[in-house]
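J.: Pasted the sequence and its predicted model underneath.
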Amino acid sequence: MPITTPHIAILDDEPEIRRILSDALEEAGYRVTTFARATEFEAALNRATPDVCLVDLGLPDRDGLAVVHRLALESGAAIIIISGRAQVQDRVTGLELGADDYIIKPFEPAEVVARIRARLRKTRSDAPRSTPQTARFAQWRAHFDRYVLSPDQGPEVPFSHAEGEVLRMFLESPNRLISRAQMQQNFGGGAGESFDRAMDVRISRLRTKLGEDPKNPRLIKTIYGAGYIFLADVTWT
């Protein structure tokens, strides 16, 4: 299987910062996409999830910390904050909301590249080597090594890392109730409305990709007030 080039997304409203980071990362061999506004960045996330997101906190259209928190709950991408806010509390808050690292401006581009490389190495080393990567259920195969769903008939459907985490959870416990408390324990993050909303978004996207009727889903059933049940026989290979 060919090795894909890691994709780095940069969200910063300063053109010069975007240029410096983009030049350094492209020279290091990464694929780079840049954004000046959070609305454009979040719209792009609906189409594809980058491997690493570099996020500035001082954005013109959104609170940067809110963007970081949403990314941590929904995307599954590694998150590195790059900000001029040097106070310890800013760093602590960013990391508590889900960032993996925090770099203070001004910075050396070589240091940013080095930290991204370290984060990608950690992601690869954390991946379980003996875990089955393909699951068969209903008329689908889920390929977790390629992040795609293959139907018996029709084109493959890609899914994000975050959606894959939820799908694997269901496929590893089919025909059993999975409560909100179990989800929170599995995925971390603070319990409450924000976490519940993030889970609902992931599950809604999975239902869409599985061709489910949102009013009467066959595979991912909502048990109101309790959680979810994935109704299918599953075979792992």
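T.: Looks like it arrived, so ask away.

J.: just the strands in the protein please.
T.: Under the criterion DSSP state E, strands of the chain are mapped to 7-11, 31-35, 52-55, 78-83, 101-104, 134-137, 140-143, 148-151, 157-158, 177-179, 220-223, 227-230, 234-236.

J.: closest one to His69 among those?
T.: Closest of these to His69 is strand 78-83, at 9.6 Å (criterion: C-beta to C-beta). Heads up, the C-betas are built off the backbone N, CA and C, glycines and all.

J.: which ones are touching Arg205?
T.: Arg205 sits next to 159-160, 163 when contact means C-beta atoms under 8 Å, 6 or more residues apart in numbering.

J.: go again using 10 Å as the cut-off
T.: Residues counted as contacts of Arg205 (C-beta atoms under 10 Å, 6 or more residues apart in numbering) are 46, 74, 159-160, 162-163, 166.

J.: And it, how far from Ile220?
T.: 11 Å (C-beta to C-beta, to the nearest Å).

J.: ok, now Met199?
T.: 11 Å.

J.: Could you name every residue contacting both of these two?
T.: Looking at what touches both Met199 and Ile220 (by C-beta under 10 Å, 6+ apart), the common residues are 166, 228.

J.: Number of residues surrounding the nearest residue to Gly94 once chain neighbours are set aside?
T.: Distances taken as C-beta to C-beta, 6 or more residues apart in numbering place Ile81 nearest to Gly94, at 4.7 Å, with adjacent residues excluded. Neighbours of Ile81 under the rule other C-beta atoms under 10 Å: 26.

J.: Identify the bridge partners of Ile81.
T.: Beta bridges link Ile81 to Val55, Tyr102, judged by DSSP bridges.

J.: Just confirm it contacts Asp100, I think it does.
T.: Yes: taking C-beta atoms under 10 Å as the definition, Ile81 is a contact partner of Asp100 at 8.9 Å.

J.: between those two, what contacts are shared?
T.: Contacts common to Ile81 and Asp100, judged by C-beta under 10 Å, 6+ apart, are 53, 68, 94.

J.: which residues does the last one contact?
T.: Pointing back at Gly94 there. Counting by C-beta under 10 Å, 6+ apart, Gly94 has contacts 55, 57, 64-65, 68-69, 79-81, 83, 85, 100-102.

J.: can we see that at 7 Å?
T.: By C-beta atoms under 7 Å, 6 or more residues apart in numbering, the contact list for Gly94 reads 65, 68, 81, 102.
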